[in-house]
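A.B. asks: Next input, structure requested:
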Amino acid sequence: MIAYDYEVRFELVSESVAQVIPPGMDFTSVVVQEETLEGDGELASLAGGAEGSSPKAVPTIWSDVMRFFTNPHKPMILALSRPDPKKNITTLLKAFGECRHLRELANLTLIMGNRDDIDELPSGNASVLTTALKLIDKYDLYGSVAYPKHHKQSDVPDIYRLAANTKGVFINPALVEPFGLTLIEAAAHGLPMVATKNGGPVDILQALHNGLLVDPHDQEAIANALLKLVSEKNLWNECRINGWKNIHLFSWPEHCRTYLTRVASCRMRHPQWQTDADEMAAQEDEFSLNDSLKDVQDMSLRLSVDGDKPSWNASLEPSSNDPVKQIMSRMKQPEIKSKPEVQGKKQGDNVGSRFPVLRRRERLIVIAFDCYNEEGAVDVKSMVTMIQNIVKAVRSDPKMAKNSGFALSTSMPLDELTSFFKSAKIQVSEFDTLICSSGSEVYYPGAEEGKLLPDPDYASHIDYRWGNEGLKNTVWKLMNTTAVGGEARNKGSPSLLEEDKPSSNEHCVAYLIKDRSKVMRIDDLRQKLRLRGLRCHPMYCRNSTRLQIVPLLASRSQALRYLFVRWRLNVANMYVVVGEHGDTDYEELISGTHKTVIVKGLVTLGSDALLRSTDLRDDIVPSESPFIGFLKGDAPVNEITDILKQLSKAAT
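C.D. replies: As a prediction, this is how the structure comes out:
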């Protein structure tokens, strides 16, 4: 929030464009107690209790704090921070020590991290602690100030609860506070606050209305604010209730709703993508929430201040007129159930129809294995056989065949791919979409037999920061001057590259590799390109005989995400079929929430050896996952069907 203030002040960003969204917090550890009286049972037990009464179990940290106090029933002023000069603990001690009325009415607890020997701490921390101990002695605050040496993270909620039981106050007197998470935690436990007026607490107080802001350099202002909250019970109770009433503004569900509201109010980049209301109304709530929204549904902060006891069962569901409710409900339903065919129209009229067949698919089988020979030409026999077997496997099961579609994802350019289809006698209409040239182009079958239509929005989608002319010059220079391992090549060495114009397009720069043993690995090339301000996606493909460079937002894996955004096709219902090896973007096709089928023995010549200098695949691609299944290259049709069914049961 401080960064936002400075950016607006120095005109780095327009205030009308920038939006400040509070973070989301997990309040599951918060225990909301009933209204407590001065003689609370737990505190009375800790202080000795009434004669003959049975002691109640209290947290250990309470004993560690209360042993410092002469009168533990006084309201507790709580400060919780590391002993850093910026946290301004010494000014707080001076304010407390010099205000006689405040010392008479309240105790002060300083939770200043953990320590064994002050002399062993960093000089800055040691200086703060030493000064604090000297001030306690100077003002003779023994019996009024607690400063325990140790506490655990799990003790923090109990510390807040102890302060709230004594009708105390939380204070953050930092010179500057970037945000102030402890203020939100304290409010959730029913503690009013006094906080610095510099930084994030200003925004927190505007939302919670549960305390006072002070100048951290003004000792008298700090003392007066604390005294006001401790002495005026009606004000203290009002701040406590306001904190409980408004704390949901900092919960994860509210964070997501705020974010979605901001997104919904933004101008759509592609207005034509907006879902038709009548079509969306026809959807059934058949599918579960996507992964990113599961936690939003499961985790909510439920605080009530209407009754005598705060309740965790009160609903925070948005009202029927909540502007975000419709957005969240739509995100629950990524697919659109197919409608009966309109007479006189073919279901294959993809781009030409308002709602193409791809949008009505419940699952998509993506064929993405890279079968090439030593020269980088397509291994027609292996590829055709596996494609035919996959199609047969899907169509052999009535339930699976009903709403399943097929996609082909390849590094081949469109012309070469259509030639492959003709030689293999495969109809283009068998596929709902074709991802060509390593994800730089997306096509759909048209109404006319054999005709392919480009996605009208994909090119503009991936065009972000794409400058292929400058890129060509840089790549040519890097590849011909740098060898494997980053060493410089001799000036007289022959060129390693030759431009592959038939494989190039507006968003794909392609080269033929003359000597695979001397080229840089992809990780090294990507790093050198980014150091020069070129953000793009380079990859070796076709058995390392080609280098193809596409925009940063383009790749075969990102094209699948585009289909989700563009056509509401759930990524979790995509089944990507790959080999054991492939192009250097191979790993990206395995990881994710989609299902992956790895066919062993199908691809023997890949480019993945040129991805990086060390083998880190196990750190990136899980060796075992419920989303990954394995097949042999000669697996019969029924085994392919079985593995697809098995993966469909994996929970996302």
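
A.B. asks: Distance of Ile21 relative to Phe250?
C.D. replies: Here the criterion is Cβ to Cβ, to the nearest Å. By it, Ile21 lies 11 Å from Phe250. All C-beta spots, glycine's among them, are computed from the backbone N, C-alpha and C.

A.B. asks: Which one's more surrounded, those two?
C.D. replies: Legend: neighbour count by other Cβ atoms under 10 Å for Ile21 and Phe250, higher for Phe250 (23 against 12).

A.B. asks: give the contact list for the more buried one.
C.D. replies: By Cβ atoms under 8 Å, 6 or more residues apart in numbering, Phe250 lies in contact with Pro22, Pro23, Gly24, Met25, Ile184, Ala207.

A.B. asks: Helix or strand for the last one, just tell me which one.
C.D. replies: In the assignment (DSSP states H and E), Ala207 maps to helix 201-208.

A.B. asks: Which strands or helices does that helix pack on?
C.D. replies: Packing partners of helix 201-208 (3 or more Cβ pairs under 8 Å, 6 or more residues apart in numbering; DSSP states H and E): helix 181-188, strand 193-196, strand 211-214, helix 233-246.

A.B. asks: Name the surrounding residues that touch that helix.
C.D. replies: For helix 201-208, contacts defined as Cβ under 8 Å, 6+ apart pick out 1, 20, 22, 172, 177, 179-180, 183-184, 187, 193, 195, 211, 213, 242-243, 246-247, 249-250.

A.B. asks: Flag every buried residue along that helix.
C.D. replies: By neighbour count on 16 or more other Cβ atoms under 10 Å, the buried set for helix 201-208 is Pro201, Val202, Asp203, Ile204, Leu205, Ala207, Leu208.

A.B. asks: just stretch 393-400 next, same as before
C.D. replies: Neighbour counts over stretch 393-400 (16+ other Cβ under 10 Å) mark Ala393, Val394, Met400 as buried.

A.B. asks: Could you tell me the average pLDDT over it, please?
C.D. replies: Averaged over stretch 393-400, pLDDT sits at 92.

A.B. asks: Off-centre distance for it?
C.D. replies: When distances are taken as Cα atoms, centre = their mean, to the nearest Å, stretch 393-400 is centred 36 Å away from the chain's centroid.

A.B. asks: what's the answer for stretch 566-580, then?
C.D. replies: 20 Å.

A.B. asks: Please, where are all the helices along the stretch 301-450 of the chain?
C.D. replies: Counting by DSSP state H, counting those that start in this stretch, the stretch 301-450 of the chain has helices at residues 325-331, 380-395, 398-402, 414-424.

A.B. asks: now the first one: mean pLDDT?
C.D. replies: Going back to what we said before, that points to helix 325-331. 55.

A.B. asks: partner residues bridging the closest residue to Ala221 other than its chain neighbours?
C.D. replies: The shortest distance from Ala221 to any non-neighbouring residue, by Cβ to Cβ, 6 or more residues apart in numbering, is to Val214 (4.6 Å). For Val214, the beta-bridge partners are Thr196 (DSSP bridges).

A.B. asks: isn't Val214 right next to Pro173, touching?
C.D. replies: Yes - the pair Val214 / Pro173 is scored as a contact, 7.3 Å apart, by Cβ atoms under 8 Å.

A.B. asks: Find the residues that touch each one of those two.
C.D. replies: The contact sets of Val214 and Pro173 overlap at Val194, Ala195, Thr196, Ile222 (Cβ under 8 Å, 6+ apart).

A.B. asks: Contacts only, for the second one.
C.D. replies: Read that as Ala195. Ala195 sits next to 171-173, 177, 180, 183, 201, 204-205, 211-214 when contact means Cβ under 8 Å, 6+ apart.

A.B. asks: The same query, at a cut-off of 6 Å, please.
C.D. replies: By Cβ atoms under 6 Å, 6 or more residues apart in numbering, Ala195 lies in contact with Asn172, Leu183, Pro201, Leu213.

A.B. asks: Same question for Pro551.
C.D. replies: The contact partners of Pro551, by Cβ under 6 Å, 6+ apart, come to Ile462, Trp466, His507.

A.B. asks: What is the burial count for the nearest residue to the last one once chain neighbours are set aside?
C.D. replies: Translated: His507. Counting by Cβ to Cβ, 6+ apart, Ser440 is the residue found nearest to His507 once chain neighbours are left out, at 4.2 Å. Counted with other Cβ under 10 Å, residues neighbouring Ser440 total 29.

A.B. asks: when you give positions from now on, start the count at 830
C.D. replies: Noted, 830 is the first residue going forward, which turns the last one into Ser1269.

A.B. asks: coming back round to it: give me the subset of the contacts of Pro1380 lying in helices.
C.D. replies: Counting by DSSP state H, the part of the contacts of Pro1380 found in helices is Ile1291.

A.B. asks: which stretches of the stretch 880-1029 of the chain form strands?
C.D. replies: For the stretch 880-1029 of the chain, the strands defined by DSSP state E, counting those that start in this stretch cover 905-909, 936-940, 974-975, 998-1001, 1022-1025.

A.B. asks: For Arg1189, which of these is the nearest?
C.D. replies: strand 1022-1025 (53.8 Å; Cβ to Cβ).

A.B. asks: okay, now the domains of this structure?
C.D. replies: Listed by automatic domain parsing, the domain ranges of the chain are 854-1079, 1084-1154, 1186-1290+1383-1477, 1297-1380.

A.B. asks: Check the ones you listed for me: which has the lowest mean pLDDT.
C.D. replies: domain 1084-1154 (a mean of 49).

A.B. asks: Quick one: neighbours of the closest residue in space to Gly1028 that isn't next to it in sequence, just the number.
C.D. replies: Of all residues not flanking Gly1028 in the chain, Glu1006 sits nearest, at 4.2 Å (Cβ to Cβ, 6+ apart). Neighbour count for Glu1006, taken as other Cβ under 10 Å: 27.
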